[in-house]
Every structure is written in structure tokens, then in C-alpha cells.
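[1] my questions are about this predicted structure, shown below with the sequence.
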Amino acid sequence: MKKTYLIALFFSGLFLSVSSAQTVGTATISPFSTNANPTIIRKSNNPFQVSYTVSQPVVLLIGGMAVTVNLPNTLCNNAQATPTATTSGATTNNIFVGLSGDMSTGFFNIQVDKSTPVGTNFQILYTVYYVDFNTGLCTSTSTVGFYTVVEDLPIELVSFNAKLENSAAAQLQWVTASELNNDFFGVERSTDGKHFDQLGQIKGAGTSTAINNYAFEDLNLPNNSSVAYYRLKSVDLTGKADYSKVVAINLGKSKNFNVVNILNSPDKSVVQYETPADGDLTVSIFNLNGQAVQQFKTTAVKGYNEINVDKNTLSSGVYMVNVNNGAQSLNAKIVKF
């Protein structure tokens, strides 16, 4: 079957108008994995992520010459992932695959429960649904990924919190449910959320399956920032290090209304900012055409604050987040993939 399209392409800066095209072959999933090493750490709080797009080879007639290119397809329906154990005696009851993304690209998030034996090999059959260029119908294509379960992270961190005790000190507390050959925790601090310095060390519990509680007091808070960021660096007996999530506390010293940092993930963006006073704010999200696609109210406290932007309802593209306090405004750029 032949379909006629009006397709506009850019090649080396030249704009070419193509009057007709005919698809050939079948669609493929590409790129398949964001990680070249297909091993999955059990108990990890950070899922192994597999991203995908679907493209289909198309013959374009350009000035009477046939040129074959891969064009991305629009996704339709929900993708599916079916894990199958390949190690003798193993099961996939503790292998979990979640799905996120939009209608042009997607992500599978894979997590393995701590009860899964190290060395377990398994495969996942991925089925992705897309709109076929030839028929215009929603159809599917499949591919298989192969994975191996590797050793646990050295620390199973239950919680990690920081709070301001007074104008001169901050209290950090964390709890572990298990530790594997853990030598010590390094407590690190930053004023920009990117560059960290170690404040001190706390001895770890070695190997333990009991609940352990830890605390550290920061008695020398920075004078040049309205926010302090903290993270833990766990170091095992071989010197291997792993980092916790970052937590932040408001020091209440801000004199400016400005963006501190922007954190992006597939489902949301977090705009971290400072404001010189308590107050109500209006948050507006604009696309590149200047159209407001979201708007909501929020309340800020003097110093460090965060705005969470849900990107599940946004189409792929670049957006501008505008935060207005009635007298001033700040802008932050976010991207939806």
C-alpha cells in the first residue's frame, strides 16, 4: 500500500519539501538502553532505566531521487514488558518493571527485590505500540533485553533528614535497615547543590541487618548562602563509595529572588529558588509559542523553596517556568523529553 505525505526535512541547513513518501520495512525500537552494562543492582533506590523511541524506514522522493531515512513514529496505547527468568530455578516474581514517558518516547524502569539471588539472569520482552506510516493503524513491535542481577548496594538507607536547630547549627539524622561491609559515612555539604565538601565522618556498622540510627551536627553553617545541601557518602571496607540522595535546609538568609537549581526527571522538574520574604506566588508554565499551558498558586517562605512541576500532561519540548511574587519574577527553563 502506498501513502502520500507532505514532509518537511532539514539536511545540512537546507530546507527540502518532499511531496511523496512510501514506507518500507518494519519499525524498530531505538535506542534501546541508556546503560551499556546490562546489570541491575538489587535493592537500589535508583531503577535501571531503559528508554525507547520507535522509527520506521521511509523512502522519500527528493527531486526524482529516492532516499531512505528513518522517521520517528507516534506511540499509541501502553507499552508492555514481560520478564522471564533464564537461570535454572529462578523466578521473576520479584522483578518489577514500570513505565513512564509520553507519546513520542518512553522509559521502562526496572527494579529487583533484595530476595532475588545474585547472579540471576533474566530477559524482558518489550512490546511497544506505534502508529504505522503505511496503514495509519496502531500496531506493535518487540525486542528482548538480557540482564544479570548483581550484589546489593552496601547500604539500605531508610531515611535521611536535615533540620535547622538554631541560626548556628543544623542536625542531620539517618537510619539504615542493613549495611554490607560498611566502613564509615562521610557527611558532605554544599551551597549550590553541585559541589560538596566533607564535614566529618561517622563510623559505620560493618555488616548488619539490624536498624541503625545515626546523627551528625553541623556547627559551622555557611554565611554566604541561604540554603545548605547535605548528602552522605558511604564507604565500604574496600574503599568503594556510594552516595545518598541530597537533602536541603533553608537558612533564612536570602536577600534575593532567584533560581538556585533545576532538577529534571522524566515525570517532573523541581525548580529550587530563593525569596527574600514570605508570600504568595503565581507559577505559570509557557511553551515556546508563549502560550500558558499550566498556572497555579503557591506559598513561599523566606529563603529556600521548591516548586514541583508535573510533566505528565506536557508534550515533548522546552518550557519556561515563570514565578511571580507581585513585584518581581524569575524564570527557569525545563525540558520534557
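    Received the coordinates, thanks.
[2] low pLDDT regions in the stretch 201-337 of the chain?
    The model of the stretch 201-337 of the chain has pLDDT under 70 over residues 252-255.
[3] where along it do the strands fall?
    Assigned by DSSP state E, counting those that start in this stretch, the stretch 201-337 of the chain shows strands spanning 212-218, 227-236, 241-243, 247-250, 258-264, 268-275, 279-286, 292-300, 303-310, 317-324, 329-336.
[4] closest to Cys76 out of these?
    Proximity to Cys76 (C-beta to C-beta) singles out strand 329-336 among the strands of the stretch 201-337 of the chain, at 18.5 Å. Glycine gets a C-beta too; all of them are placed from N, C-alpha and C.
[5] in its sheet, what does the closest one sit against?
    The sheet places strand 329-336 alongside strand 317-324 (antiparallel), with pairing taken from DSSP bridges.
[6] quick one: contacts of the partner strand?
    269, 271, 273, 281-288, 293, 307, 309, 329-336 (C-beta atoms under 8 Å, 6 or more residues apart in numbering).
[7] mark which of the residues you listed are buried, thanks.
    269, 271, 273, 281, 283-287, 307, 309, 330, 332, 334, 336 (16 or more other C-beta atoms under 10 Å).
[8] greatest separation within these: which pair is it?
    By the measure C-beta to C-beta, Leu281 and Lys336 form the most distant pair in these, at 22.0 Å.
[9] in the longest strand seen in the chain, what counts as buried?
    Secondary structure assigned by DSSP state E gives strand 169-190 as the longest strand of the chain. By 16+ other C-beta under 10 Å, the buried positions in strand 169-190 come out as 170, 172, 174, 176-180, 182-183, 185-190.
[10] those residues: which two are farthest apart?
    Ala170 and Leu180 (28.6 Å).
[11] now the strands of the stretch 201-337 of the chain as TSV including distance to Ile110?
    Listed next are the strands of the stretch 201-337 of the chain as TSV, based on distance: least, C-beta to C-beta, whole Å:
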stretch	distance to Ile110
strand 212-218	29
strand 227-236	23
strand 241-243	19
strand 247-250	26
strand 258-264	20
strand 268-275	20
strand 279-286	30
strand 292-300	30
strand 303-310	23
strand 317-324	27
strand 329-336	22
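[12] tell me which of the ones you listed lies nearest to Leu199.
    strand 212-218 (6.1 Å).
[13] what about the closest one, distance to the chain center?
    Relative to the centre of its chain, strand 212-218 is centred 28 Å away, using C-alpha atoms, centre = their mean, to the nearest Å.
[14] residue numbering should commence at 23 henceforth.
    Yes, from this point I'll number from 23; that puts the last item at strand 234-240.
[15] please identify the pairing partners of that strand and their relative orientation?
    Here, using DSSP bridges, strand 234-240 pairs with strand 191-212 (antiparallel).
[16] what angle separates the strand it pairs with from strand 249-258?
    70 degrees (axes from the mean of the first three to the mean of the last three C-alpha atoms, to 10 degrees).
[17] skip the chain neighbours and tell me the closest residue to Gly325.
    Setting aside the residues directly before and after it, Gly325 is nearest to Asn272 in space (C-beta to C-beta, 6 or more residues apart in numbering), at 3.9 Å.
[18] how near is that neighbour to Ser248?
    7 Å (C-beta to C-beta, to the nearest Å).
[19] and what of Ile356?
    Ile356 is 22 Å from Ser248, by C-beta to C-beta.
[20] what does Thr75 give?
    Counting by C-beta to C-beta, the gap from Thr75 to Ser248 is 41 Å.
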